[in-house]
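Visitor: Following is a predicted model, sequence given first.
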Amino acid sequence: MPATAFGADRPARSVAGFLLAVAAIAAVMAGSTASSPFYPQIQDALGLSVVHVTLIFAVYPAGLLVTLLVAGTLSDHLGRRPVAFAGLALLAVSLGLFGWGGSFTALLAARILQGVATALVMSTVSTYMAELAPPALVGHVALANSAGPTAGLALGTMFGGVLLDAARQALALTFGILIAVILAIAVLIWLLPETAAGRPGVVRSLIPRLRVPVGARSVLLRVAPAIIASWGTGGLFISLGAHIARGVFGVHSHTLQGATVGVLAVCATVGIVGLWRLRARTLLTAGAVALAIGTLASLLAVLVGSAPLYFSVTAVTGVGFGVSYAGALRLVLPAVSDGERAGLFSVIYVIAYLSFSVPAVVAGVFVSTVGLVPTVIGYGLLVSVLSGVALIARPSTGSRLSPGADGGVSSTDAIDRTIRRRGAGFRSDASCAGSERPARDPLATDASDTSRASRHAPARTGPTRTTPGRR
């Protein structure tokens, strides 16, 4: 079946399709954090401990990780549209269960289903986005994949917090609106053209595999502290942020409680977009420094009980959260060939979501034994130490994004191809032949750029030829 068999009368690449994919990623992440402002209310209503609330939070990335390992490449076999549609439909079911379940068991089941659904959608739509992007937007795929999720995190927490203050049936209203939006996106995605040809081996693909490509092992080891520190910070804010606002600073406004995560995620998005053109090593350095300074300053705010200082430095922490992770990706992705990148993404996601969930669970246990403030202080010091380790261990080379001959940001294409090849690398040559490609895809790099990144740059003399890089 050709890659454009579904909807051959419509162009595979379109601005509308690209934007719909970005909206899907943002909506999925909004659904994952919309529950954060409700955790204190749910805890009081059901008589749960902090450990119970933390477990409700933590089973979500557990379900996500297992699904990534088992079904991360499912859309290469079944197609992008059906897997994305199924993931969004399952997400709607999980949100309904969370909004109307009314018990600890129902909440656990809802969050597990949500993790499964999120993994299906994210692993599929991130590739679908690249395949739908028209030539003018190809250079923005990696940026959209970095900024879209953090924007969704901010929208979810702020939306939930505002409705919690403004509406009586806030939980039902919040998740009812989210379900309607997600189902609408699912229907629209089903109307998009298919971009992936199905291939055999779907059962074999469900066998979990986790392997770091040889070319990326050294670089991944060096950037791992940055990934752990950034995602560990996100886990702390999303699982305990509302408790910190209420228990330490006496903030009872749910809008302000949700703003702790909202400020973090908004500033992460702004940081990624604003600093994207920096050299990759500089990006990671700036992120690690901001993460360490912001975290230490937030600990000072907790110790002195200053809510204004805490919310102010959360902005700095948010920039560090987003930028350090973006810098780590920019450094490690060019270190592997096209066929190895899907496996590398799986390993990166495993590191990120383990860092997101495990420390939060441990922190929940410590909150019930030693108290909230000592737990937050210990957690923050750990993040600061990891940020320092990230500065020391960071690789010595990186790439700077500079304007290409056509006026676009050319060297970002090396990163964008990394995401595109997660799906496109599995397609046959025949399925790729019918897809529209940019007439020109220049790759302007500095002398410090890795030779592996330049090795995959298409030649300018034709759309199907490649120019080998220098080693």
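Guide: Good, I have the coordinates.

Visitor: Moving C-terminal from the helix or strand hosting D76, which element do we reach first?
Guide: Per DSSP states H and E: D76 is located in helix 74-78. Moving toward the C-terminus from helix 74-78, the next helix or strand (DSSP H and E) is helix 80-100.

Visitor: Could you check that next one and say which residues are buried?
Guide: By neighbour count on 16 or more other CB atoms under 10 Å, the buried set for helix 80-100 is 80-88, 90-92, 94-99. The way it works is simple: take the backbone N, C-alpha and C, and place the C-beta from them, glycine included.

Visitor: average pLDDT for that helix?
Guide: Mean pLDDT, computed over helix 80-100, is 94.

Visitor: which other helices and strands contact whichever helix or strand comes after it?
Guide: Using DSSP H and E, the helix or strand that follows helix 80-100 towards the C-terminus is helix 104-132. For helix 104-132, the packing partners by 3 or more CB pairs under 8 Å, 6 or more residues apart in numbering; DSSP states H and E come out as helix 15-33, helix 50-71, helix 74-78, helix 80-100, helix 141-166, helix 412-424.

Visitor: Nearest approach to S346 belongs to which of the ones you listed?
Guide: Between S346 and those, the shortest gap by CB to CB is with helix 50-71, which sits at 6.0 Å.

Visitor: hang on, the earlier thing: can I get the helix holding D76 in CSV, CA atoms only?
Guide: Extracted in CSV, the C-alpha atoms of helix 74-78 (Å, rounded to 0.1, in the frame of the first residue of the first chain):
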residue,chain,number,x,y,z
LEU,A,74,3.4,0.4,16.2
SER,A,75,2.5,3.1,13.8
ASP,A,76,5.2,2.0,11.4
HIS,A,77,3.3,-1.2,10.9
LEU,A,78,-0.4,-0.1,11.2
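
Visitor: Which of the helices and strands packed on helix 104-132 has the lowest mean pLDDT?
Guide: Note on the helices and strands packed on helix 104-132: helix 412-424 shows the lowest mean pLDDT, a mean of 42.

Visitor: Excluding chain neighbours, what is closest to L143?
Guide: Distance criterion CB to CB, 6 or more residues apart in numbering; nearest residue to L143, sequence neighbours excluded, is W276 at 5.7 Å.

Visitor: tell me which element that neighbour is part of?
Guide: Counting by DSSP H and E, W276 is part of no helix or strand.

Visitor: what residue ranges in the protein score low on pLDDT?
Guide: 1-12, 139, 198, 210, 337-343, 397-471 (pLDDT under 70).

Visitor: quick one: contacts for the residue nearest in space to the middle of it?
Guide: Nearest to the geometric centre of the chain sits P149, at 4.8 Å (CA atoms, centre = their mean). P149 makes contact with I25, A26, M29, M122 under the criterion CB atoms under 8 Å, 6 or more residues apart in numbering.

Visitor: Check the gap between the first one and V116 for me.
Guide: Yep, that's I25 we're talking about. I25 sits 16 Å away from V116, going by CB to CB, to the nearest Å.

Visitor: before we move on, the earlier item: for the helices and strands packed on helix 104-132, which one sits closest to S324?
Guide: Distance to S324, taken as CB to CB, is lowest for helix 141-166 among the helices and strands packed on helix 104-132, at 11.7 Å.

Visitor: Report the buried residues of the closest one.
Guide: Neighbour-count burial for helix 141-166 flags 141-164 (criterion: 16+ other CB under 10 Å).

Visitor: any idea how far F311 is from the closest residue to S32 other than its chain neighbours?
Guide: Leaving aside its chain neighbours, S32 sits nearest to T118 (6.1 Å; criterion: CB to CB, 6+ apart). Look at T118 and F311: by CB to CB, they are 28 Å apart.

Visitor: what's near enough to touch S298?
Guide: Shown in contact with S298 (CB under 8 Å, 6+ apart): Y310, V313, T314, T317, G380.

Visitor: Can you tell me which of these end up in strands?
Guide: Among those, DSSP state E puts none in strands.

Visitor: got those as TSV, with neighbour count and distance to R199 columns?
Guide: Formatted as TSV, the contacts of S298 follow (neighbours: other CB atoms under 10 Å; distance: CB to CB, whole Å):
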residue	neighbour count	distance to R199
Y310	24	51
V313	21	50
T314	26	46
T317	30	44
G380	22	47
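
Visitor: Just give me the closest of those to V370.
Guide: Using CB to CB, G380 comes nearest to V370 of these, at 14.4 Å.

Visitor: Tell me how far the closest one lies from A92.
Guide: Distance from G380 to A92, counting by CB to CB: 36 Å.

Visitor: Spatially, which two of the contacts of P149 are the most separated?
Guide: Using CB to CB, the two most remote members of the contacts of P149 are A26 and M122, lying 11.2 Å apart.

Visitor: on that earlier part again, so which of the contacts of S298 are in helices?
Guide: Among the contacts of S298, the ones falling in helices (DSSP state H) are Y310, V313, T314, T317, G380.

Visitor: Could you check how far the second one is from F38?
Guide: Here V313 is placed at a distance of 25 Å from F38 (CB to CB).

Visitor: The helix or strand where A184 lies vs helix 80-100, what angle?
Guide: For A184, the element it lies in under DSSP H and E is helix 170-190. Helix 170-190 runs at 170 degrees relative to helix 80-100, counting by axes from the mean of the first three to the mean of the last three CA atoms, to 10 degrees.

Visitor: can you give me the offset of helix 170-190 from its chain's centre?
Guide: Relative to the centre of its chain, helix 170-190 is centred 20 Å away, using CA atoms, centre = their mean, to the nearest Å.

Visitor: After it, which helix or strand is next?
Guide: The helix or strand immediately downstream of helix 170-190 is helix 202-205, counting by DSSP H and E.

Visitor: Which strands and helices lie in contact with the helix or strand following that next one?
Guide: For helix 202-205, the succeeding helix or strand toward the C-terminus, using DSSP H and E, is helix 217-247. With contacts defined as 3+ CB pairs under 8 Å, 6+ apart, the packing partners of helix 217-247 are helix 39-46, helix 50-71, helix 141-166, helix 254-274, helix 280-304, helix 307-332, helix 341-370, helix 372-393.

Visitor: Now tabulate these in JSON lines and tack on distance to G201.
Guide: Formatted as JSON lines, the helices and strands packed on helix 217-247 follow (distance: least, CB to CB, whole Å):
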{"stretch": "helix 39-46", "distance to G201": "42"}
{"stretch": "helix 50-71", "distance to G201": "13"}
{"stretch": "helix 141-166", "distance to G201": "26"}
{"stretch": "helix 254-274", "distance to G201": "36"}
{"stretch": "helix 280-304", "distance to G201": "35"}
{"stretch": "helix 307-332", "distance to G201": "27"}
{"stretch": "helix 341-370", "distance to G201": "14"}
{"stretch": "helix 372-393", "distance to G201": "38"}
